[in-house]
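> sharing a model that was predicted from the sequence below.
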Amino acid sequence: MASEKFRDVEVLAPMVRGSTLPLRLECLRYGASLVWGEEIIDRKLIGALRVENSAFGCIDYVSPREKVSVFSTCAEETKKVIFQLGTASAHLAVEAAQLVCNDVSGIDVNMGCPKSFSVKGGMGAALLDKPEVVAEILTSLRRALPSEKSVTCKIRMLPSTEKTRDFMRVCEKSGAEAITVHMRLREERPAEPAHWDEMERLWDAVQVPVLANGDFFSRHQIDEFWKHCKEKGCRPSGVMIARGALWNPSIFSREPPAFDEMVRSYVRSAVATNSTYQNTKWVLSQMLAGGTGVTVPTSFNGINMKTFNRELSATKSMAHICTAFGEPFEPTYPNRAHTTVFYKDFPFPEEDPQKRSRLPPVDAEIESPQKCRRMDPGGESA
């Protein structure tokens, strides 16, 4: 069953700008059971071309309109990456999920983001007030996708325990094979402490795995949470780690490397996966700033950390970043590699204004998204 992969796990949370391919790979290498990608809105994915980026060994879903990669993945994470979808429509959710599901392990629906852009679009935390829409989205996804591709959701706490439990049951009944609960209310922000104790009253609301999310900033805190659960007799299936893994992807390991090696390893992964230098610089700035439970050295490469951060902020290319961190950078990378305009001159086909998702293949280096449908025993699309 697809749900079994969510039991006894520690996973990377979906974070905008953070949970991109290089960080996901680093977390997997340090022991993460699964990794979530950053939320991608259904309409942003629909119409994207699946491009085999042979120069970097990646699969890029590229928007012909914006000429940028919407989502990137690679073979190393295929069985471990969960694609998080922002959606308010069962129809659009299915269309988007079918485009990408061959390259991921499962689809997760965002039902917890409280940001205004998400809520105003009927997505994220807005779905907490729309159980009928949630049921339609999850049921449609489960019906449309192959059984080995998991369908899950990430929610927030509702105003009362019973309302949260009822909502979880709606999700389970509609086909969710695991539910992650962000242990905060919709109106609560990251600075406010997560309600770990509420997991005591939620973990057994459903039969499918329940994962806890919120305030896991260090290995010690994760271990304390498991200890707390054991003492209280509750058994959540896993924990989802957000900022703690952004600051320190080796949080999943009980034998973490030295801080400087952890950071340099991320730089190497960013270079190898064609991460943009802008995103790479942002993630590195988060790591170097650190946070709760993270001990950041006072210097890096023999340079005072404050001075080093200024140097990082001034970098304008991946080559400059590599120089700052003492990592090699090959001059043979393709033109515009590691930039937001890598696909600027790519030979995209003309868009069909009536149906953006119907885009024919251009050449051997491009594949139109192969829709992923559940097959019945007779081999027909169901």
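Nice, I can see it. Remember, predicted model here, so these are calculated numbers, not experimental data.
> show me the contacts for residue 25.
If you count contacts by Cβ atoms under 8 Å, 6 or more residues apart in numbering, residue 25 has them with 74, 76-77, 269, 273. Every residue, glycine included, has its C-beta placed from N, CA and C.
> now for residue 148, how many residues are close by?
Counted with other Cβ atoms under 10 Å, the neighbours of residue 148 add up to 12.
> how about residue 38, nearest residue that isn't a chain neighbour?
Distances taken as Cβ to Cβ, 6 or more residues apart in numbering place residue 19 nearest to residue 38, at 4.5 Å, with adjacent residues excluded.
> check contacts around the one you found.
By Cβ under 8 Å, 6+ apart, the contact list for residue 19 reads 12-13, 35-38.
> in a strand, residue 51, correct?
Yes. Per DSSP: H, G, I helix; E, B strand; the rest coil, residue 51 lies within a strand segment.
> how close does it get to residue 189?
Residue 51 sits 37 Å away from residue 189 when distances are taken as Cβ to Cβ, to the nearest Å.
> between the two, who's got more neighbours?
Higher neighbour count among residue 51 and residue 189: residue 51, with 20 against 8, using other Cβ under 10 Å.
> give the full set of residues in contact with the residue nearest to the more buried one when sequence neighbours are not counted.
Spatially, and ignoring its direct neighbours in sequence, residue 51 is nearest to residue 60 (4.7 Å; Cβ to Cβ, 6+ apart). Counting by Cβ under 8 Å, 6+ apart, residue 60 touches 50-51, 53, 69, 71-72, 343.
> I figured residue 44 hits residue 70, correct?
Yes. Contact criterion Cβ atoms under 8 Å: residue 44 and residue 70 qualify, at 5.6 Å.
> now list whatever residues contact both of these two.
Residues touching both residue 44 and residue 70 (Cβ under 8 Å, 6+ apart): residue 63.
> residue 51 and residue 334, how far apart?
As defined by Cβ to Cβ, residue 51 lies at a distance of 13 Å from residue 334.
> now swap in residue 106 and tell me
Using Cβ to Cβ, we find residue 106 at a distance of 31 Å from residue 334.
> which one of these two has more residues nearby?
Legend: neighbour count by other Cβ under 10 Å for residue 106 and residue 334, higher for residue 106 (27 against 12).
> in the sheet, which residues pair with the more buried one? Tell me.
Legend: beta-bridge partners of residue 106 under DSSP bridges are residue 82, residue 150.
> wait, it touches residue 147, no?
No. Using Cβ under 8 Å, residue 106 and residue 147 do not qualify as a contacting pair, with a distance of 11.1 Å.
> so what sits against both of these two?
Here residue 106 and residue 147 share the contacting residues residue 2, scored by Cβ under 8 Å, 6+ apart.
> so where's this structure shaky on pLDDT?
Applying pLDDT under 70 to the chain flags the ranges 1, 351-382.
> tell me how it divides into domains.
If you go by automatic domain parsing, the domain ranges for the chain are 2-252, 259-325.
> could you say which of those is packed most deeply?
Most buried of these by mean neighbour count (mean count of other Cβ atoms under 10 Å) is domain 2-252; its value is a mean of 20.
> gap between that domain and the chain center?
Centre-to-centre, domain 2-252 and its host chain are 7 Å apart (Cα atoms, centre = their mean, to the nearest Å).
> mind checking the end-to-end distance for that domain?
Distance across domain 2-252, first residue to last, is 23 Å (Cα to Cα, to the nearest Å).
> what about the residue nearest to residue 38, distance to residue 245?
Residue 19 sits at a distance of 9 Å from residue 245 (criterion: Cβ to Cβ).
> quick check: neighbours shared by these two?
Listed contacts common to residue 19 and residue 245 are 12-13; contacts here mean Cβ under 8 Å, 6+ apart.
> quick one on the thing from earlier: in a markdown table, list the contacts of residue 60 along with distance to residue 26.
Output for the contacts of residue 60, formatted as a markdown table (distance: Cβ to Cβ, whole Å):
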| residue | distance to residue 26 |
| --- | --- |
| 50 | 24 |
| 51 | 23 |
| 53 | 19 |
| 69 | 19 |
| 71 | 18 |
| 72 | 14 |
| 343 | 25 |
